[in-house]
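S.K.: below is the sequence, then the predicted model.
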Amino acid sequence: MDMIKDILHRGWPQSHSNGSCLIVGYPDDEGIANNKGRPGARQGPQEIRQRLYSMTLPFGLDKELLFEGFLCDGGDLDGGSLSLFERHELAKAQVERALQSGHRLLSFGGGHDYGYPDGAGFAQVCLSLGQRPLVINFDAHLDVRPSEGGINSGTPFYRLLQEFKEVDLIEVGIQEQCNSAEHWSWALKQGARILPLFELQKGDGPQALTKALAEALGQSFASPPPAPTSRPPCYLSVDIDAFSSSYAPGASASWPSGLEPNSFILTLRWLLERYDVRVMGIYEVSPPLDVDSRTSKLAALLAFEYIFAPLRLGYHGKS
């Protein structure tokens, strides 16, 4: 049986490959503790990897397309005795290095405070290329808490929007009971677009999420995808608490309400067809809080979709 672990390269890619995917881990939940959340997400990266690497390869995959370095695991961020701020700066530099080398990045948290270095590294590279960065955050929380009192898992997009005014931010699945009116108003004033869960729930059928997001992006849901070279750059941030606790009980902060995996995967595939998703981060998977590994399996399933998108869509190969 062909397993994902059989095609995995340990370490950073040594050469530029179009479609290659680099995995990095952030085994760090200090930001969650700073936000008075439940610890445990530092164990997330290793648990997600375990579930991911034990999966089989996609059906009908032409193994000749799996060039050396198609999937690489760059290991975990080694922050040593650095402060949380310094670890974020190290992570940001790592993101920039990966993207400048032409690779796609897949990060496993850890706290969602790492949405800042993932987003900032992505934005920095986009702006250096004259491109406008698009950030889509799937989350129960806006995560725009002011950071002047210290960095925590609720501050990533406050920091990102303060530093990069050019970022287009869409917040998807936001739940009313998890966010203050002040934070909601601040995000809107910065130009963020918010798709709250209660609005998404008005839609009918598994494609409701995709249709709502397409409208927010100014696109037609049914329009054909553009040529691979015409896809705008995008960073997808997935806080696992965006999903209902029925599917993701092992989240640092979970609620019975939330997104559903099957409709989300349809949306993810739609996005991967139409946008050059250069970074996807999956955050706040907390194995000590999980039930039957549901949450880490869900995270691994989303990673699976992202990793093999180039082969499904036909944009792959050495360059």
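M.R.: That came through fine.

S.K.: identify the bridge partners of the closest residue to H9 other than its chain neighbours.
M.R.: Spatial nearest neighbour of H9, excluding adjacent residues (CB to CB, 6 or more residues apart in numbering): C72 at 4.6 Å. (C-beta placed from N, C-alpha, C; glycine too.) For C72, the beta-bridge partners are H9, L22 (DSSP bridges).

S.K.: tell me the predicted confidence for C72.
M.R.: Predicted confidence (pLDDT) for C72: 95.

S.K.: do the one 3 residues further on as well
M.R.: As summarised for this prediction, G75 has a pLDDT of 97.

S.K.: now do H316
M.R.: According to the model, H316 carries a pLDDT of 59.

S.K.: next one: S15
M.R.: Note on S15: pLDDT of 63.

S.K.: what does the one 10 residues further on give?
M.R.: G25 carries a pLDDT value of 98.

S.K.: now do S223
M.R.: On pLDDT, S223 comes in at 87.

S.K.: distance check, S244 against A208.
M.R.: Relative to A208, S244 is positioned 15 Å away (CB to CB, to the nearest Å).

S.K.: helices of this protein, start to end?
M.R.: 30-34, 44-53, 84-100, 115-128, 156-163, 181-189, 197-200, 208-216, 261-274, 294-313 (DSSP state H).

S.K.: can I get stretch 102-115 in CSV, CA atoms only?
M.R.: The C-alpha trace of stretch 102-115 is given here as CSV (Å, rounded to 0.1, in the frame of the first residue of the first chain):
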residue,chain,number,x,y,z
GLY,A,102,9.3,28.9,-4.9
HIS,A,103,7.7,26.4,-2.5
ARG,A,104,4.2,26.2,-1.1
LEU,A,105,4.1,26.2,2.7
LEU,A,106,1.9,24.1,5.0
SER,A,107,2.2,25.0,8.7
PHE,A,108,0.8,23.2,11.7
GLY,A,109,0.2,25.0,15.0
GLY,A,110,0.5,25.6,17.8
GLY,A,111,-1.4,28.7,18.7
HIS,A,112,-3.1,30.9,16.2
ASP,A,113,-0.8,33.7,17.1
TYR,A,114,1.4,32.1,14.4
GLY,A,115,-1.1,33.3,11.9
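
S.K.: how far is that stretch from where the chain is centred?
M.R.: 6 Å (CA atoms, centre = their mean, to the nearest Å).

S.K.: so for it, what gets flagged as buried?
M.R.: Going by neighbour count (16 or more other CB atoms under 10 Å), the buried part of stretch 102-115 is 103-115.

S.K.: and if you look at stretch 291-299?
M.R.: Residues of stretch 291-299 classed as buried by neighbour count (16+ other CB under 10 Å): 293-299.

S.K.: likewise stretch 42-55?
M.R.: For stretch 42-55, the buried set under the neighbour-count rule, 16+ other CB under 10 Å, comprises 42-45, 47-49, 51-53, 55.

S.K.: what do you get for stretch 57-64?
M.R.: Using 16+ other CB under 10 Å as the test for burial, stretch 57-64 gives L57.

S.K.: so what's the residue count around Q175?
M.R.: 18 (other CB atoms under 10 Å).

S.K.: contacting residues for it?
M.R.: For Q175, the contact set (CB atoms under 8 Å, 6 or more residues apart in numbering) comprises 140-141, 196-197, 255, 257-258.

S.K.: then L289?
M.R.: Neighbour list for L289: 38, 40, 249-252, 254, 295 [criterion: CB under 8 Å, 6+ apart].

S.K.: which secondary element of this structure has the worst mean pLDDT?
M.R.: strand 317-318 (a mean of 45; mean pLDDT, DSSP states H and E).
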